[in-house]
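>>> I need the structure of the sequence given here:
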Amino acid sequence: MNSVKLGLKENWQQFLFLVLVNAFVGGMVGLERSILPEMAQQEFGLVVKTAILSFIAVFGITKAITNYYTGALANKYGRKKLLILGWLVGIPIPFILMLAPNWNWILFANALLGINQGMAWSSTVVMKIDLVGEKQRGFAMGINEFAGYLSVGIVALLTGWVADVYGLRPYPFYIGVGLVVLGLFFSLFFVKETQQHALKEGRKSDIPRLKNIFWETTWANKNLGSVTQAGLINNLNDGMVWGVFPLLLSNQHFSTRDIGILVAIYPAIWGLGQLYTGKLADQYDKKNLLFIGMLVQAVTLVLFVWADGFYGYAILAGTLGIGTAIVYPTFLASIAENSHPIDRPKTIGIFRLWRDLGYAIGAILTGVIADSFGISSAILLIGLLTFVSAMIIWRRMSAGSPVSTGRA
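The predicted structure follows:
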């Protein structure tokens, strides 16, 4: 234990390996980000928005549940084992996507993708927080999410281009085979267990242990609960953008290549921006950053209803990416700041449970509203919910030092 050192500088090699692995993890989501809604219409004949967005709902539910159990089991089995298991579950995904004879197989692939993301992404988050200690959590999470979401954007762009040139299947999904092979290889042979780092930090921490980790993380603790609800709403609007944005662009007769570019802008800006916003989370009050980021998202989503032309959508997609980049590393840094190191894997798992249920809620809600009242109505509703979330942060979350036992 004495040989274990905390800090980004002290653990930079392991940290970089985990960044690389998380880039492969993010790429698995980018694999279908720009083309699956179009594939649902063209190859499987789906018309109803609720049915088309069902793949996001399945992904969100399975990822959310897996996040919870990954957090709960991280201390018992170790982070690395769960990371490797996540990649093993991911092996069939690209093959199912390229060969699926009907939409049910696509849903099954997205269930596997949710498990893959829940295990692999959650493990890399916890492992990076373990390594860096308390001083650079925001920066660490910024780099982690930068790698993951920039990869989402790059792979979404690549699959959109490949689909435009060679068709929707099977060629775009060959990229996924490479991602799985590389992710599993680096996880097996280069990543090391980090649980001992958390144990060392736990001996020095003066943050009280949580009595009821699930309820306090979900709502009762003012800071943890405020962050958790914002995480859910953030992914609720991301689920809407994921599913509806390609359909909206397709309805306006953009080419598959242009859709790929526009869809890639949002996660690319989101990813790149976190290199800067992660540092902000270490230097400035997290409450203010979360409020600003959610407010930017809310305003941008409403403006999407009146967008026009390639550049109009591009500017708004980039602005939405900025808003999300502000909140994403700040979410995780806030959860870590308000959790004892021994409780932290569980609090992160519970936060990510609720956050990624936002994908399912967003997909179902968006599908129902879009089918009943149109896509514009769905976008306006999600924008309003995002504004309400910003107000909850402003009214309920404490500025400055952690609140470990505060109640509403």
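
>>> Give me the buried positions along the one helix or strand residue 351 maps to.
Per DSSP states H and E, residue 351 falls inside helix 344-373. For helix 344-373, burial by neighbour count (16 or more other C-beta atoms under 10 Å) applies to 344-367, 369-371. Where you see a C-beta, it was placed from the backbone N, CA and C, and this is true even at glycine.

>>> Can you name every helix or strand that that helix contacts?
Identification of packing neighbours for helix 344-373 by 3 or more C-beta pairs under 8 Å, 6 or more residues apart in numbering; DSSP states H and E yields helix 49-52, helix 54-77, helix 103-132, helix 213-215, helix 222-251, helix 309-337, helix 375-396.

>>> make it 10 Å
Packing contacts for helix 344-373, counted by 3 or more C-beta pairs under 10 Å, 6 or more residues apart in numbering; DSSP states H and E, involve helix 49-52, helix 54-77, helix 103-132, helix 195-204, helix 213-215, helix 222-251, helix 309-337, helix 375-396.

>>> Kindly reformat these as TSV and extend each row with distance to residue 290 and mean neighbour count.
Output for the helices and strands packed on helix 344-373, formatted as TSV (distance: least, C-beta to C-beta, whole Å; neighbours: other C-beta atoms under 10 Å):
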stretch	distance to residue 290	mean neighbour count
helix 49-52	30	21
helix 54-77	20	23
helix 103-132	18	25
helix 195-204	24	17
helix 213-215	21	17
helix 222-251	6	25
helix 309-337	5	23
helix 375-396	5	19
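
>>> so which of those helices comes closest to residue 18?
helix 103-132 (5.0 Å; C-beta to C-beta).

>>> Report the separation between the closest residue in space to residue 62 that isn't next to it in sequence and residue 123.
Nearest residue to residue 62, sequence neighbours excluded (C-beta to C-beta, 6 or more residues apart in numbering): residue 114, at 3.0 Å. Residue 114 sits 15 Å away from residue 123, going by C-beta to C-beta, to the nearest Å.

>>> coming back round to it: quick check: which of the helices and strands packed on helix 344-373 is nearest to residue 183?
Closest among the helices and strands packed on helix 344-373, using C-beta to C-beta: helix 103-132, at 7.1 Å.

>>> Now the closest one: average pLDDT?
Throughout helix 103-132, pLDDT has a mean value of 97.

>>> how many degrees apart are the very next helix or strand once past it and helix 103-132 in direction?
Counting by DSSP H and E, the next helix or strand C-terminal to helix 103-132 is helix 137-166. Interaxial angle of helix 137-166 relative to helix 103-132 (axes from the mean of the first three to the mean of the last three C-alpha atoms, to 10 degrees): 150 degrees.

>>> Could you list every helix and strand that the next helix-or-strand element following helix 137-166 packs against?
The helix or strand immediately downstream of helix 137-166 is helix 174-189, counting by DSSP H and E. Using 3+ C-beta pairs under 10 Å, 6+ apart, the elements in contact with helix 174-189 are helix 12-33, helix 79-90, helix 93-99, helix 103-132, helix 137-166.
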